[in-house]
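# Sequence first, predicted coordinates after that:
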Amino acid sequence: MTQTTAGRPTSEPAQRKQRAQIKARTLRTDRWWLAPAITFAALTSFLVYGLWAIFDTNYFIEPYIAPFSSPCLATSCPEGARFLGLAPFGDWWKLPPGILILGLPAGFRFTCYYYRKGYYRAFWLSPPACSVSEPHKKYTGETRLPLIMQNVHRYFFYGAILIAGVLTWDAVLALRDAHGNWGHFGLGTAILWINVVLIWAYTLSCHSCRHITAGRLNHFSKHPVRYKMWTFVSKLNSRHMLLAWLSMYSVMLADLYVRLVSKGIINFPFA
């Protein structure tokens, strides 16, 4: 019970009905819209580039293969571009080879906890920022289709590990020259190695990875190795947002570089 100005008691439900109704979308006076606007522009640029890259055919030139098209698993891939020399999908696959593996890295990023926050705010305005009302009348969280599918993130993590492993192999092969001789180290080699380091850092900084390493342990003292792994992953996890952005642009720039070399647009010694 509370007291009114006249001294008469009133119930809590009645008091709640008397709360001020704010018609303004927000009382914030700062540029709260800037962060979601930048996120919208950045993610849109990545999606547009990815769509173009998937259908671009200039994705391989010895010893480099563009990350968006690796692993190449069809006979339509140039022989040197096939992962471990294999083409398990044969010649029946007529679409761009990058589509075969697109679901793993795309699914991992799309269901990532940080990216979910980013595109929920930037694209769906749910909400666009703290203390800013959203246009949606009803909130159901991630309890219904399609958002309930976000819970498969932990399984996409295993796929992301495979893709990171493939990109690491591609970076190793980039230490050869166009004739297969080891000892080559061009600008493309450096770019692919920087990208693969950032891809691994982002993948291992994932919340699911942190849970897998030691999330269900009750006594760290009984599992010293897993505790050290958990400590390392936790340090990476604190920089998960930064690594998400850095790895997103590193894979895009590495992919673009290889395609530009393949097209002959970049053509200089030690490329």
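The structure has been received and is ready for your questions.

# elements contacting the lengthiest helix in the chain?
Identified as the longest helix of the chain according to DSSP state H is helix 240-263. Here helix 240-263 touches helix 34-55, strand 60-61, strand 64-65, helix 103-110, helix 113-122, helix 187-204, going by 3 or more CB pairs under 8 Å, 6 or more residues apart in numbering; DSSP states H and E. Using the backbone N, CA and C atoms, a C-beta is placed for each residue, glycine as well.

# quick one, the first one and helix 240-263 angle?
Read that as helix 34-55. 30 degrees (axes from the mean of the first three to the mean of the last three CA atoms, to 10 degrees).

# Enumerate the positions of helix 34-55 that are buried.
Residues of helix 34-55 classed as buried by neighbour count (16 or more other CB atoms under 10 Å): 36, 39-40, 43, 46, 49-50, 53-54.

# Ala244 is in contact with Leu236, correct?
No: in terms of CB atoms under 8 Å, Leu236 does not count as a neighbour of Ala244; the distance is 11.4 Å.

# What is the neighbour count of the closest residue to Arg82 other than its chain neighbours?
Among residues not flanking Arg82 along the chain, Cys72 sits closest, at 5.4 Å (CB to CB, 6 or more residues apart in numbering). The tally of other residues near Cys72 (other CB atoms under 10 Å) stands at 26.

# got it, and Pro105?
22.

# In contact with the residue nearest to Arg82, which residues?
Counting by CB atoms under 8 Å, 6 or more residues apart in numbering, Cys72 touches 59-60, 65, 78, 81-83, 97.

# Mark which of those are buried, thanks.
59-60, 65, 81-83, 97.

# ok, now how distant is the residue nearest to Arg82 from Gly103?
Look at Cys72 and Gly103: by CB to CB, to the nearest Å, they are 16 Å apart.

# Gly180 now?
Applying CB to CB to Gly180 and Gly103 gives a distance of 32 Å.

# And Trp169, by the same measure?
20 Å.

# Repeat that for Ala81.
Distance from Ala81 to Gly103, by CB to CB: 20 Å.

# Then Asp170?
19 Å.

# Those two: which has the busier surroundings?
More crowded of Asp170 and Gly103, by other CB under 10 Å: Asp170, with 24 against 12.

# pLDDT below threshold where in the stretch 151-271 of the chain?
By pLDDT under 70, the stretch 151-271 of the chain contains no weakly predicted segment.

# picking up where we left off before, quick one: the buried residues of helix 34-55 as a markdown table, columns for pLDDT and distance to Tyr158 too.
Listed next are these as a markdown table, based on pLDDT from 0 to 100; distance: CB to CB, whole Å:
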| residue | pLDDT | distance to Tyr158 |
| --- | --- | --- |
| Pro36 | 94 | 31 |
| Thr39 | 96 | 27 |
| Phe40 | 97 | 30 |
| Leu43 | 97 | 24 |
| Phe46 | 96 | 23 |
| Tyr49 | 97 | 26 |
| Gly50 | 95 | 22 |
| Ala53 | 95 | 24 |
| Ile54 | 92 | 23 |
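
# Show me what counts as buried in stretch 88-98.
So, applying 16+ other CB under 10 Å, buried residues of stretch 88-98: 93, 96-98.

# Over to the residue nearest to Arg82: give its phi and psi.
Main-chain dihedrals, Cys72, degrees, to the nearest 10: phi -90, psi 120.

# let's number from 26 now, not from 1
Fine by me, first position is 26 from now on; the one you just mentioned is Cys97.
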